[in-house]
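Novice: Provided below for reference: sequence and predicted model.
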Amino acid sequence: MGLGITSIIKLGCQGVINTTSLSQLIEASAQEVCGPENVHVLTEPSLGAEDFSLYLEHAPGAMFRLGVGYQDQINYPLHHPQFEVHEAAIVTGVVTMAHTALNFWKRHL
């Protein structure tokens, strides 16, 4: 009896590599909106892939993470069935993006 194995390897998305100047702009804008003590820069890369990288093949850009957990309860990971978003954090994300856009135009007009 012979045994044969066929492997099919599908390449996924590339890792996200932010445009440095835009990452710095988002960081500064987030610090203005949230206070520097509430902005945390990740020093280690994430090993996850994200299809946002496909956009970055065509235009400069940057992606940031928004903390959406609660301070007073267990926060389950993103794909866990008990994951729950603290919806007030969505406002923080929108205000941060709007402030970043405003700062971008102030610098480029």
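Specialist: Looks like it came in fine.

Novice: Low-confidence regions, the protein specifically.
Specialist: Flagging of the chain using pLDDT under 70 yields the residue ranges 48-49.

Novice: Show the residue spans covered by the strands in it.
Specialist: Assigned strands in the chain: none (criterion: DSSP state E).

Novice: which ones are touching the residue nearest to residue 51 when sequence neighbours are not counted?
Specialist: Of all residues not flanking residue 51 in the chain, residue 13 sits nearest, at 5.0 Å (CB to CB, 6 or more residues apart in numbering). The C-beta positions use only the backbone N, C-alpha and C, and glycine is treated the same way. Taking CB atoms under 8 Å, 6 or more residues apart in numbering, we find residue 13 in contact with 49-51, 53-54.

Novice: Show me where this structure has its helices.
Specialist: 20-34, 52-56, 88-108 (DSSP state H).

Novice: which residues are in contact with stretch 36-48?
Specialist: Counting by CB under 8 Å, 6+ apart, 15, 27, 30-31, 65 sit against stretch 36-48.

Novice: Return the member of the residues you listed nearest to residue 108.
Specialist: residue 27 (17.6 Å; CB to CB).

Novice: roughly how far out does stretch 99-109 sit from the chain middle?
Specialist: Centroid separation for stretch 99-109 versus its chain: 20 Å, with CA atoms, centre = their mean, to the nearest Å.

Novice: again, but for stretch 25-44
Specialist: For stretch 25-44, the distance to the chain centre is 13 Å (CA atoms, centre = their mean).
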